[in-house]
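Engineer: let me see the structure of the following:
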Amino acid sequence: MTKPISTATIMAPSSTTSSLLRSSSPPSRHGSSPFSSSSVNFEDPEAAAASIARLQRALAASREELAEATNTKTKRPATVTTMGRGIRKIVSLYEGLSSIIDEADRRTVNEDGDAIEEHDPRIKRARDRTFTAYNLLLRLVPRLKKAIQDPDMDTFNTFLSDLQDGANAARGDDLKRVKEEVGNWINLDYKPTEVLNSKVRDGRGMQHDVCGALLAPIDFNWDDLEVRANIRACKEGFTITDNYYLNCLYPKDRDTKRIERNFLRSNLLLKVYCCIFTSPSSAEGIEDEAADVPDGPPRKKQKTTGQKKATKANVASLLNMEGKVTGRSIAYAAVLLVFNLTDAVQWVDVYNGINFIAFYNFIVDYFEEFRNDASQQRVQNLLAWWNRQIFPQHVATTTDSDASRNRLLAQEDHYD
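Structural biologist: The predicted model follows:
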């Protein structure tokens, strides 16, 4: 039932409405202000109610215009599922959220002296890798800490399930996008005899001359037809089960005696990374990379026509990567590249002898586990190189000015 409007209520406008009526406003585009008090007839209750409603609508419209003009329109908060979309990209591609949280709980118990520390180096490294994922997860999803403390297990489990759904959905979207782009890039750059269908992985893999060459380890001479046949037949000594130094991860300049040289600097890997974290269009026109130049300038991109200027924040910005490429994000891109060079029908952990979980962990450990100072410096140089390729503008705006400042101070000291 509709509540009747009181005549007294209409005859006595609220302080907000009265203030609105008294305020002077610029003329509307029709010549008179919609906020003019002369347009309100308080002698007629129904006319007064209609006038007040019209004023309220005009006020709401003005607020929306102001918010749009100042770019301060309130955005709808991200859902839990949306917050989970970055987990596979920068936290962990394979580990479940429950396993990640369990490792944090195990360490809490261990600090109290109730658990035995693991001395097996492989198990210890696996747990360290998981605990790093936990810290990255807290940074990506700050609400997780509060959810963990929630005594209602049903609420907590729903929260985790929604995060997991978002994580897996984003991986599926990336997998499809990279599948199509890799097919197009190979057709364009390598001109294979058997043209790839960008919509499906069928026809790729070791039996395809170009995809097989890219999947082969750098130790094998793919141009040797006998070697190629042995690799395809998985003959002893020619398997790629645990050899992750693949051609697709290197530029054209590679050295089988120095496997770390130019490792993870390939053109294809850069393109896949751009496709995932910046935009597919940002991968267009990337020139073939130079050899091992750790301190060289950012990668030049060829000018391409028909590219539209981005109007939305890219994935890297949404994930607050702050212009810094991470080892785990490179590992994610590497797995999606290698997987899409195979002819696998669907997402699987192991295919044609390649254990993708082990492959992912290998690259993560390459960036996080250092044998000595030299290996740590090599990784720092590699990440610096990646930052220049992916976020050249950010590198330019954050360059330290210490060199110029020190030169000025030295000159002042000299003349003083």
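
Engineer: quick one, strands of this protein?
Structural biologist: All strands of the chain, identified by DSSP state E, fall at 350-351, 354-355.

Engineer: which of those strands sits most buried?
Structural biologist: strand 354-355 (a mean of 19; mean count of other CB atoms under 10 Å). Every residue, glycine included, has its C-beta placed from N, CA and C.

Engineer: now tabulate the strands of the chain in JSON lines and tack on distance to Arg228 and mean pLDDT.
Structural biologist: Formatted as JSON lines, the entries for the strands of the chain read as follows, by distance: least, CB to CB, whole Å; pLDDT from 0 to 100:
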{"stretch": "strand 350-351", "distance to Arg228": "20", "mean pLDDT": "94"}
{"stretch": "strand 354-355", "distance to Arg228": "17", "mean pLDDT": "94"}
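
Engineer: from the contact counts, what lies against the helix ranked longest in the chain?
Structural biologist: Within the chain, and with DSSP state H defining each element, the longest helix by residue count is helix 153-189. Using 3 or more CB pairs under 8 Å, 6 or more residues apart in numbering; DSSP states H and E as the contact criterion, the secondary-structure elements in contact with helix 153-189 are helix 80-83, helix 87-90, helix 97-111, helix 143-148, helix 267-277, helix 327-341.

Engineer: quick check: which of these is nearest to Ala58?
Structural biologist: Nearest to Ala58 among the helices and strands packed on helix 153-189 is helix 80-83 (34.4 Å), distances taken as CB to CB.

Engineer: now do the closest one: which elements does it pack against?
Structural biologist: helix 153-189.

Engineer: mean neighbour count, distance to Phe359 and mean pLDDT added to the helices and strands packed on helix 153-189, as a markdown table?
Structural biologist: Output for the helices and strands packed on helix 153-189, formatted as a markdown table (neighbours: other CB atoms under 10 Å; distance: least, CB to CB, whole Å; pLDDT from 0 to 100):
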| stretch | mean neighbour count | distance to Phe359 | mean pLDDT |
| --- | --- | --- | --- |
| helix 80-83 | 18 | 27 | 92 |
| helix 87-90 | 25 | 15 | 97 |
| helix 97-111 | 15 | 19 | 87 |
| helix 143-148 | 14 | 28 | 91 |
| helix 267-277 | 24 | 13 | 96 |
| helix 327-341 | 24 | 6 | 98 |
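
Engineer: Asp224: which of those is closest?
Structural biologist: Across the helices and strands packed on helix 153-189, closest to Asp224 is helix 327-341 (CB to CB), at 20.2 Å.

Engineer: measure how the closest one sits relative to helix 153-189, angle-wise.
Structural biologist: With axes from the mean of the first three to the mean of the last three CA atoms, to 10 degrees as the criterion, the two stretches helix 327-341 and helix 153-189 enclose an angle of 60 degrees.

Engineer: below-threshold pLDDT in this structure: ranges please.
Structural biologist: Applying pLDDT under 70 to the predicted model, the residue ranges of the chain that meet it are 1-42, 67-76, 110-118, 285, 287-312, 395-416.

Engineer: let's go with 50 and repeat that
Structural biologist: Counting by pLDDT under 50, the chain contains low-confidence residues at 1-32, 35, 73, 113-115, 290-295, 301-307, 310-311, 396, 398-399.

Engineer: circling back to that earlier point, okay if I get the helices and strands packed on helix 153-189 as JSON lines plus distance to Leu175?
Structural biologist: Putting those into JSON lines (distance: least, CB to CB, whole Å) gives the following:
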{"stretch": "helix 80-83", "distance to Leu175": "18"}
{"stretch": "helix 87-90", "distance to Leu175": "10"}
{"stretch": "helix 97-111", "distance to Leu175": "20"}
{"stretch": "helix 143-148", "distance to Leu175": "25"}
{"stretch": "helix 267-277", "distance to Leu175": "10"}
{"stretch": "helix 327-341", "distance to Leu175": "6"}
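
Engineer: just to revisit the earlier point, quick one: the strands of the chain as TSV, columns for distance to Ser282 too.
Structural biologist: Output for the strands of the chain, formatted as TSV (distance: least, CB to CB, whole Å):
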stretch	distance to Ser282
strand 350-351	29
strand 354-355	28
